[in-house]
Every structure is written in C-alpha cells, then in structure tokens.
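Enquirer: Okay, sequence plus prediction incoming.
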Amino acid sequence: MAIVLGLPKGSLQDSTFALFKRAGFNVTCSSRSYTPVIDDDEIKCRLLRPQEMSRYVELGLLDAGICGYDWVYENGSDVEEICELNYSKATSNPVRWVLAVPNDSPIKTVKDLEGKRISTEAMGLVKRYLAANGVKADVEFSWGATEVKAPELVDAIVDLTETGSSLRANNLRIVDTILTSTTRFIANKTAWADGAKRAKLEQLKMLLLGALEAQRRVLLKCNAPASSLDAVVAALPALHAPTVNKLNDAQWYAVESVVEEKRVRELIPVLRQAGATGIIELPLNKIIY
C-alpha cells in the first residue's frame, strides 16, 4: 500500500520540503521533475501547482495533498481536511487575499467597485465577494504580475499577500481583506475511509505537526546549585514542568525545559541572575504531544 501525495510546486515548495525534512522525511526533486523522491516506500509524491491540488484530491487522482485553504475554497472542492499546517513561504503567518488599489485611487470600499475592472487569479473568490456585497464589476483573470496592472489596465486588483511588501513597492494600498488562508493537509474522502491509508495519513499528520511545533521552541538546559534550585525552576517556563536531575555532586542539579525560542533572550539573563550556570540552548526537530 502506498499513498499518492501531492506536494505544492512554486512558492511553497522549498518550505514544504524543509518541513518534511524536520518531520523525518527526505524529499528530493530535480528542477525539471514533477515526481519527487521520498525515502518512504509507503508514499509516492507528485509535484503540482497549489491552485489545482484540491481538484485532483477530490477526484481521487491523489490520495492527499498540501495546499492553501484559499484554493480549496476557490475550487469548491469536497475533500477531507486532515489538519491545518501553519507555515507559508516566508513566515508562519496566514496569507491574505486582499482588494488593493493605487494609493491615489478614489476607491475606498467594495461599493466603489461598481462598474469597475478588477484583475485577479482567484476568479471564483472575487465573484462571490462581489455578489455578497451586491456589486457588479468586470472581473478578469490575471496570468501573473497582477500588482503592475493598476491603474493603467484595471481599477483594482485582488491578490495574495503575506507581508504586504510587494503591494507597497507598487504603490498600492489595501482596501479590504477578502479571505485569510493557511496551508492545509487534505485527503480524498475515499482514501480517508480506507483504514490503511488513513493510518498512514494520521502518522504523517502527527510528524508534520510535531515538526511545526518544534520550529518555534528550543530546549534550554542549565546547572543550578541546591541553594538556587527553587529560584531557577520558578524562572523557567515549561510544557508541563522543568526536568530536574541530581548531578554527581549532590549540591548541584541539572535543569532543562522546552521553551518558546522568542523568550530565550529574556530568560537567559533571568536564569543567570537566579544562580544558573552552564546555560545551553538546543534546537528541536519535533515535539509530539
């Protein structure tokens, strides 16, 4: 038994391969290949554009796939959502489909789009958005470089943004956020109902989520004299409680805990002041709850 898994080609490709690496799977693919190699005999990979991933999963041509929720919504695909994977091409933040116009445009709200021309790659998303707001406008498909089309070719655009830097660089301002999207792990419903395939997909889900959880945490270790142990333990956050072990010297203890990486710069001075020595910060690959 092998599951056929769709991996996203394009902006998410490198971050997806890196996530699988942290989860324990080596995925390699040549620049011209659409069949990545993975070191697991129970998985066969296919490299596809995220825009079409959910359609092939729904049809059963793929057992499962990874793509943004926005494309599941855009395609209206009837698939099983296994889990949300909070990562994107640059950050762990969600991406947004936004309505944007030139900085000097008179368009202030969606109502101002009446009779205007809009360029986007997500035609279904925009048409539903306009219909929900009772606005009639001309929506045209964009084959790329959407940001440069306003104001010479169109009045407004609807485009995907993660940080907003590209919009600002093209002198565009955001009027409204239409949809917020994160990466999803999805499955074909028939494959999900298959006991063996579901077990493999559940295992993959656990490892991927564990890798994502570990990405924002580190292992902090230190030594503490008996006289400072209570103060050191009190200063150290933990998933449950710090681990404390006696050293060969009965007057000293080893203390360790998994903490958020962003807090380490604050914790180390506090631990040092509390009496901790030999403080070590170690990266993690996976955290499984």
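Expert: Structure's in. What do you need?
Enquirer: Show me where the stretch 1-150 of the chain has its strands.
Expert: 3-8, 27-28, 37-38, 43-48, 64-68, 80-85, 95-102, 117-120, 138-141 (DSSP state E, counting those that start in this stretch).
Enquirer: was I right about Ser33 contacting Val27?
Expert: No. Judged on CB atoms under 8 Å, Ser33 makes no contact with Val27 at a distance of 11.6 Å. Bear in mind the C-beta positions are built from the backbone N, C-alpha and C, glycine included.
Enquirer: Tell me which of the strands of the stretch 1-150 of the chain sits nearest to Val244.
Expert: Closest approach to Val244 among the strands of the stretch 1-150 of the chain (CB to CB): strand 80-85, 33.9 Å.
Enquirer: same question for that closest one, mean pLDDT?
Expert: The average pLDDT within strand 80-85 is 96.
Enquirer: just to revisit the earlier point, which among the strands of the stretch 1-150 of the chain is found nearest to Lys262?
Expert: Among the strands of the stretch 1-150 of the chain, strand 80-85 sits nearest to Lys262 (CB to CB), with 20.1 Å.
Enquirer: returning to that earlier point: quick one, which of Ser33 and Val27 is more surrounded?
Expert: Val27 (22 against 10; other CB atoms under 10 Å).
Enquirer: ok, so what distance separates that one from Ser15?
Expert: For Val27, the distance to Ser15 equals 12 Å [CB to CB, to the nearest Å].
Enquirer: try Cys222
Expert: 32 Å.
Enquirer: In contact with Gly68, which residues?
Expert: Going by CB atoms under 8 Å, 6 or more residues apart in numbering, Gly68 touches Leu12, Pro50, Val95, Ser181, Thr182, Thr183, Arg184.
Enquirer: Could you single out the nearest of these to Arg168?
Expert: Val95 (16.0 Å).
Enquirer: What residues does Ser88 make contact with?
Expert: Counting by CB under 8 Å, 6+ apart, Ser88 has contacts Leu12, Ser15, Pro94, Val95, Glu162, Thr182, Thr183.
Enquirer: switch to 6 Å and redo it
Expert: By CB atoms under 6 Å, 6 or more residues apart in numbering, the contact set of Ser88 is Val95, Glu162.
Enquirer: do the same with Thr190
Expert: Counting by CB under 6 Å, 6+ apart, Thr190 has contacts Gly60.
Enquirer: doesn't it fall inside a helix?
Expert: Yes. Applying DSSP: H, G, I helix; E, B strand; the rest coil, one finds Thr190 inside a helix.
Enquirer: Can you tell me how far it is from Val135?
Expert: Taking CB to CB, one finds Thr190 at 39 Å from Val135.
Enquirer: Pull out the buried residues from stretch 154-172.
Expert: Residues of stretch 154-172 classed as buried: Val154, Asp155, Ala156, Ile157, Val158, Asp159, Leu160, Thr161, Leu167, Asn170, Leu172 (neighbour count, 16 or more other CB atoms under 10 Å).
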